[in-house]
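Student: Pasted the sequence and its predicted model underneath.
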Amino acid sequence: MNPVLRAEQLSWHADGKQILNDVSFLLQPGKMLGLIGPNGAGKSSLLRCLYRYVQPDSGKILLNNKEIKSIDHKTFAQMVAVVLQDTPTEMHSTVQQIVATGLTPYKGLFQGNNKEDNDAIQSALCQVGLADKADASFSHLSGGEKQRALIARAIVQRPSLLILDEPTNHLDIRYQIQILELVRSLGITVVTSIHDLNLASALCDELLLLADGRCVAAGSADEVLTEARISQVFGVCCQVAKHPQHGKPLIHYYYGYTAAEHRGEIANDAP
Ligand SMILES: Nc1ncnc2c1ncn2[C@@H]1O[C@H](COP(=O)(O)OP(=O)(O)OP(=O)(O)O)[C@@H](O)[C@H]1O
């Protein structure tokens, strides 16, 4: 099967600092890739390269076998949907109007919505459980509802690739699980950055672990989330067990000392 997304040896620098260094991966249709890694590892920067907000210095990104830099603006806007943490929206727009903007890449200037469009908007609102909020002001929604509305907008866009930058930030655990399960259930190919390693383990098909702009590990949660690697990359001690429900890695963190102390590199009684 041809991958939907292929990144080859991506590197990017800004302000004289190397931010992404030789990052490569590929993603098959319908799979959800979780980008994990410590603060400043380069997760958002990698996503920005994927949605063409920044141009890598070297390397290639191919979407459906075509280099993204050669895809015209309108086609790219149809192919890639992006949900950011603080997506700016018109203060007084209704939920329905926000969702309708997902159709913009398919429209000509001043072209309104037809019945089929309106049906697609209603169907997306139902899928994310916001049918009863269609006429509510977007700005009055809760954080979780806003994220769901933005995902509904992505649904009507019918993208080849959905990119999310920390979609679970600021959400309580119920919404964190709900948003990721919702995204996963759509059957769209997804790349999402995510901080919570246990959520990433439970809900992503594949993980890519970044540290200092480099890919440190990639593969299934079992392959990526080992105690040694978590200790090395995040500097914390943990025990990796099997989750009682889904059997994927479940990380138990230890408190009160650093990974270096745990490995005996620093004496616990050092001043
Ligand atoms: N436009 C830019 N100019 C200069 N430095 C940048 C720019 N964008 C990102 N950086 C730097 O690149 C590094 C990686 O940032 P990035 O936001 O990609 O990391 P991240 O893994 O998403 O971090 P976090 O988990 O904290 O959100 C950081 O040190 C950041 O300051």
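Tutor: Cool, the structure landed.
Student: What residues does the protein have near the ligand?
Tutor: Within the chain, the positions near the ligand by Cβ under 6 Å from any ligand atom are 14-15, 17, 19, 37, 39-45. Where C-beta positions appear, they are placed from N, C-alpha and C, glycine not excepted.
Student: try it again with 5 Å
Tutor: Applying Cβ under 5 Å from any ligand atom, we find that the chain lies next to the ligand at 14-15, 19, 39-45.
Student: Would you mark the buried spots in the helix or strand that residue 251 is a member of?
Tutor: Following DSSP states H and E, one finds residue 251 within strand 249-253. Using 16 or more other Cβ atoms under 10 Å as the test for burial, strand 249-253 gives 249-251.
Student: next one: stretch 61-77
Tutor: Buried residues in stretch 61-77 (16+ other Cβ under 10 Å): 61-64, 68, 71, 76-77.
Student: Inside strands: which ones of those?
Tutor: Of the buried residues of stretch 61-77, the ones assigned to strands by DSSP state E are 61-63.
Student: Let me see the ranges of the helices in the stretch 1-150 of the chain.
Tutor: 43-50, 73-79, 95-100, 115-127, 143-157 (DSSP state H, counting those that start in this stretch).
Student: Now do the third one: which elements does it pack against?
Tutor: Pointing back at helix 95-100 there. In terms of contacts (3 or more Cβ pairs under 8 Å, 6 or more residues apart in numbering; DSSP states H and E), helix 95-100 is packed against helix 115-127, helix 143-157.
Student: Let's have those in JSON lines, adding mean neighbour count and mean pLDDT.
Tutor: Below are the helices and strands packed on helix 95-100 laid out as JSON lines (neighbours: other Cβ atoms under 10 Å; pLDDT from 0 to 100):
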{"stretch": "helix 115-127", "mean neighbour count": "16", "mean pLDDT": "92"}
{"stretch": "helix 143-157", "mean neighbour count": "24", "mean pLDDT": "91"}
